[in-house]
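[1] just the structure for this:
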Amino acid sequence: MKSIVIAHVRKSDGNIQTLEEHLRETGVLAESFCQVLGLGWVGRLLGLVHDIGKYSSEFDEYIRGMTGLAGEAGLRNALPKKGKIDHSTSGAQLIWKEISRRTGSVTVMVQILALSVMSHHSRTGLLDFLALDGTTPFKRRLNRSEGSTHLNEVLKKMDQSIWEEIRQLLADDNRIDECKSIKARIDATSLDTKKESFKKDACAQWFDVRAFGQIFPFKGKASGDGVSIPVRGPVSVQPAFSLEPVSVSSTQITKSTNLEDSAGGKRGSDTMGMKHRVDKGLYVFKGSINAQLASDETGTGFSDEDADKIKSVLTTLFENDASSARSDGTMEVKKVIWWNHSCPSGDYSSAKVHRSLTVKPDGSYALSNLEGLIPEELDGF
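    Predicted coordinates:
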């Protein structure tokens, strides 16, 4: 018979709440609390993972001892461990590792989720990301060893239905709300598509809209009543071109499995597709920011601070962006050249600025002098 994993024991009558019951009930409550923010799925996820550390043998021995279920000897062994058993960090580690593994990156959203889980027993509130002495309590806690958090043990012992639900919630890891369409996302805000200010309101609401633009198409109640609201974004990125012809290697992917019984037990061979790879290449791409389309008066309100965000991510363009044809470490940004003009109309045309950069096939480059316009040269990450 499957042993009971205990979450809590009520002092008044000794009633046991199993860990499965606790995680599910907390998930339901947290989902209802977060629903008002449009983040019901986040609440459910946090509820399901917050106490998974209680699956560890160390915690099970501790709670049985503290509640008298393991007798006097168990209580004597448990008393020195009071407040020292870490059962909250493993949930934070699970969120952090699963989402970073699936997406290849860690966002502020992931950090907030992990912080919420690991801090749910903190007497001083949320842990600091950065302390006054320069240390990082959050990262130090997140990097605790298996001997402290028991994450691997927890994953082996966790109720499989709960683990499956957690994985389903994490399947759409990049979402920050429950909206599955542009219209649903607009409906979840105070934006009104009928107002003349809708464009500016949408740009103020979403960075990607004010940077790259967006088409907002809406159906009408009757045929022909629909409306399409275009937003032209100021940021333009051109395709990347290789400096020399590239050689493409193509590999056929096959699988060999026994899907059905066959004579002699021979395995079937099925073609799954092709994998194409460029063995070596140096690419250059160019872009620009249109000041008129960025202005508050005639454009999206794209600011200098927004431009700095674009600049900062360009140096890490290929980090955590891996595939079977482009494995980690095979692509990198060598250099980012950034020109910042002194006036909205530009000190020089985009064509002259782009022509001032000459890149050679070996990766070296030269910059022609444009008086009064000094480029910023940034190394890749």
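[2] residue 93 reaches residue 151, doesn't it?
    Yes - if you go by CB atoms under 8 Å, residue 93 and residue 151 touch, sitting 5.1 Å apart. Where C-beta positions appear, they are placed from N, C-alpha and C, glycine not excepted.
[3] for the stretch 251-381 of the chain, what are the low-confidence residue spans?
    253-273, 320, 322-325 (pLDDT under 70).
[4] what segments of it are strands?
    With DSSP state E, counting those that start in this stretch, the ranges of strands along the stretch 251-381 of the chain come out as 268-278, 283-284, 287-289, 335-338, 357-359, 365-367, 376-379.
[5] who are the packing partners of the third one?
    Helices and strands touching strand 287-289, as assessed by 3 or more CB pairs under 8 Å, 6 or more residues apart in numbering; DSSP states H and E, comprise strand 235-237.
[6] which parts of the strand it packs on are buried?
    By neighbour count, with 16 or more other CB atoms under 10 Å as the criterion, the buried positions of strand 235-237 are residue 235.
[7] quick check: mean pLDDT of that strand?
    Across strand 235-237, the average pLDDT comes to 93.
[8] and the helices in the stretch 251-381 of the chain?
    With DSSP state H, counting those that start in this stretch applied, the stretch 251-381 of the chain shows helices at 291-294, 304-314, 350-355, listed in chain order.
[9] nearest to residue 83, out of those helices?
    Proximity of the helices of the stretch 251-381 of the chain to residue 83 was assessed by CB to CB; the nearest stretch is helix 304-314, lying at 41.5 Å.
[10] show residues contacting that closest one.
    The set of residues that contact helix 304-314 without belonging to it, under CB atoms under 8 Å, 6 or more residues apart in numbering, is 207, 210-211, 235, 289, 333, 336, 338, 378.
[11] I'd like those as TSV, with distance to residue 327 appended.
    Formatted as TSV, the contacts of helix 304-314 follow (distance: CB to CB, whole Å):
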residue	distance to residue 327
207	30
210	35
211	30
235	29
289	33
333	16
336	23
338	29
378	25
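[12] tell me how many other residues surround residue 195.
    Other residues lying near residue 195 total 10 when counted by other CB atoms under 10 Å.
[13] so it lies in a strand, does it not?
    No - membership of residue 195 in a strand is not supported by DSSP: H, G, I helix; E, B strand; the rest coil, which gives coil.
[14] which stretches in the stretch 101-250 of the chain count as strands?
    213-218, 227-232, 235-237, 241-242, 248-257.
[15] how distant is the lengthiest helix in the chain from the center of its chain?
    Assignment by DSSP state H gives helix 19-35 as the longest helix of the chain. For helix 19-35, the gap between its own C-alpha mean and the chain's C-alpha mean amounts to 23 Å (CA atoms, centre = their mean, to the nearest Å).
[16] same thing with stretch 284-295?
    With CA atoms, centre = their mean as the basis, stretch 284-295 stands 27 Å off its chain's centre.
[17] quick check: end-to-end length of that stretch?
    28 Å (CA to CA, to the nearest Å).
[18] and if you look at stretch 70-88?
    Taking CA to CA, the span from the opening residue of stretch 70-88 to its closing residue is 23 Å.
[19] with stretch 124-143 instead?
    The first residue of stretch 124-143 is 20 Å away from its last residue (CA to CA).
[20] how about that stretch: buried residues?
    With burial defined by 16+ other CB under 10 Å, the residues of stretch 124-143 counted as buried are 127, 138, 141-142.
[21] and of those residues, the nearest to residue 194?
    The shortest gap between residue 194 and any of those belongs to residue 138, at 43.9 Å (CB to CB).
[22] surely the closest one meets residue 112?
    No - the criterion here is CB under 8 Å, and residue 138 misses it with residue 112 at 10.6 Å.
[23] was I right about residue 295 contacting residue 303?
    No - the pair residue 295 and residue 303 does not pass the contact test of CB under 8 Å, sitting 10.0 Å apart.
[24] make a markdown table out of the buried residues of stretch 124-143 and add pLDDT and distance to residue 349.
    What follows is the buried residues of stretch 124-143, written out as a markdown table (pLDDT from 0 to 100; distance: CB to CB, whole Å):
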| residue | pLDDT | distance to residue 349 |
| --- | --- | --- |
| 127 | 87 | 51 |
| 138 | 89 | 47 |
| 141 | 91 | 52 |
| 142 | 91 | 49 |
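[25] for residue 58, find the nearest of the strands of the stretch 101-250 of the chain.
    Taking CB to CB as the criterion, residue 58 comes closest to strand 248-257 out of these, the separation being 40.8 Å.
[26] how much space separates the closest residue to residue 98 other than its chain neighbours from residue 48?
    Counting by CB to CB, 6 or more residues apart in numbering, residue 98 lies nearest to residue 170, which is 5.2 Å off, once chain neighbours are set aside. Distance check for residue 170 against residue 48: by CB to CB, to the nearest Å, it reads 10 Å.
[27] just residue 86 next, same as before
    Taking CB to CB as the measure, residue 86 falls 18 Å from residue 48.
[28] out of the two, which sits in the busier spot?
    For residue 86 against residue 48, the residue with the higher neighbour count under other CB under 10 Å is residue 48, and the figures read 24 against 18.
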